[in-house]
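Colleague: based on what follows, work out the 3D shape:
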Amino acid sequence: MDVNDTSFWNLHGPESTAKHAEWAEDMDYESTVTCPIKEGHQRAGRRLPNLSVMLRGGIVEDFVWTWYSECLVQDRVLELFKRSGFTGYDVKPARARFKRASERQPPRLRELIVTGWGGMAPAGSGIRVIERCEGCGHTVYSGCDNPDHLIDVSHWDGSDFFIVWPLPKFIFVTERVAQAIRENHLTGAMLKQPRELDLSGGFSPGPLSYSMAEERARQLGAALGID
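Modeller: Have a look, this model is predicted:
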């Protein structure tokens, strides 16, 4: 059954990328994955573990986003999440500095990692596999024709933060998370209902383990062949 899309929200950064953080020079990927059966078929490996970013000057918002849709949060955000008992997320250490030399230090930021699960996008969303390589696992999915049918509540694990496959960069949250963000006037966070999202382009997300810890990725994705 499909959930009423007003129950869930997509959490994302401001439409303008003017304040987005950039990867620092020390960021990189693991070795490129080369396909053993298809010549020239390759993809980037896993991102190196801890995020290191350069911030633009000015006020650092409560939520900070990178060009790659990674989400970093300040301590006051995490304290609110803990007090509220929100589920479906973890945090990882992150390094941050201002792009221009400055005497002041930025606030502590940590990367928000979503561990909650909303299942595979149902057929009613229009998302389908259009290519899968047996050699390296590279998979391409079509775009979403019906974003109002993207979340199937019967596949959702009940977490306050969760993803739907194959959209690991799209953070979905419950109404109570959205309400807490609004009531506490947290900055740098935008909220849209699923039906408002433009998901017409295709997706090629790589393995689930690129988006969360390997153990959690295996738990969720091994049976689905996406871990």
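
Colleague: shaky segments in this protein?
Modeller: 1-6, 103 (pLDDT under 70).

Colleague: go through it and flag its longest strand.
Modeller: The longest strand of the chain (DSSP state E) is strand 89-98.

Colleague: any idea which element the most centrally placed residue in the chain lies in?
Modeller: For the chain, the residue nearest the mean C-alpha position is K169 (3.1 Å; CA atoms, centre = their mean). Element membership for K169 (DSSP states H and E) is strand 167-174.

Colleague: could you do I59 as well?
Modeller: I59 belongs to no helix or strand, assigned by DSSP H and E.

Colleague: count of neighbours near it?
Modeller: 7 (other CB atoms under 10 Å). Placement of C-beta: from N, CA and C, glycine included.

Colleague: quick check: it vs Q74, distance?
Modeller: According to CB to CB, to the nearest Å, I59 stands 11 Å off from Q74.

Colleague: repeat for I181
Modeller: 13 Å.

Colleague: repeat that for F63.
Modeller: 8 Å.

Colleague: show me where this structure has its helices.
Modeller: Assigned by DSSP state H, the helices in the chain fall at 75-84, 175-183, 214-221.

Colleague: those helices: which one's closest to F8?
Modeller: helix 175-183 (7.3 Å; CB to CB).

Colleague: surely D26 meets V53?
Modeller: No. Counting by CB atoms under 8 Å, D26 does not reach V53; the two are 10.4 Å apart.

Colleague: more neighbours, the two?
Modeller: Neighbours were counted for D26 and for V53 using other CB under 10 Å; V53 has more, 24 against 9.

Colleague: can you name the residues bridging to the residue lying closest to that one once chain neighbours are set aside?
Modeller: Excluding the flanking residues, the one nearest V53 by CB to CB, 6 or more residues apart in numbering is A21, at 4.0 Å. For A21, the beta-bridge partners are T66 (DSSP bridges).

Colleague: count the residues that sit near A21.
Modeller: Residues near A21, counting by other CB under 10 Å: 25.

Colleague: for the residue nearest to the centre of the chain, which residues are in contact?
Modeller: Contact analysis of K169 by CB atoms under 8 Å, 6 or more residues apart in numbering lists 68-69, 205, 211.

Colleague: 10 Å instead, please
Modeller: Residues near K169 by CB atoms under 10 Å, 6 or more residues apart in numbering: 12, 68-71, 114, 163, 203, 205, 211.

Colleague: just P194 next, same as before
Modeller: By CB under 10 Å, 6+ apart, the neighbours of P194 are 3, 5-10, 125, 144, 146-151, 164, 170, 172.

Colleague: wait, isn't R128 in contact with T139?
Modeller: No. R128 lies out of contact with T139 (CB atoms under 10 Å); the separation is 11.0 Å.

Colleague: higher neighbour count, these two?
Modeller: It is T139, of R128 and T139, that has more neighbours when counted by other CB under 10 Å, with 18 against 12.

Colleague: looking at strand pairing, list the partners for the more buried one.
Modeller: Under the criterion used (DSSP bridges), T139 bridges to R132.

Colleague: how much space between it and P147?
Modeller: For T139, the distance to P147 - CB to CB - is 20 Å.

Colleague: now for the longest strand of the chain, which elements pack on it?
Modeller: strand 51-55, strand 71-74, helix 75-84, strand 109-114, strand 161-165 (3 or more CB pairs under 10 Å, 6 or more residues apart in numbering; DSSP states H and E).
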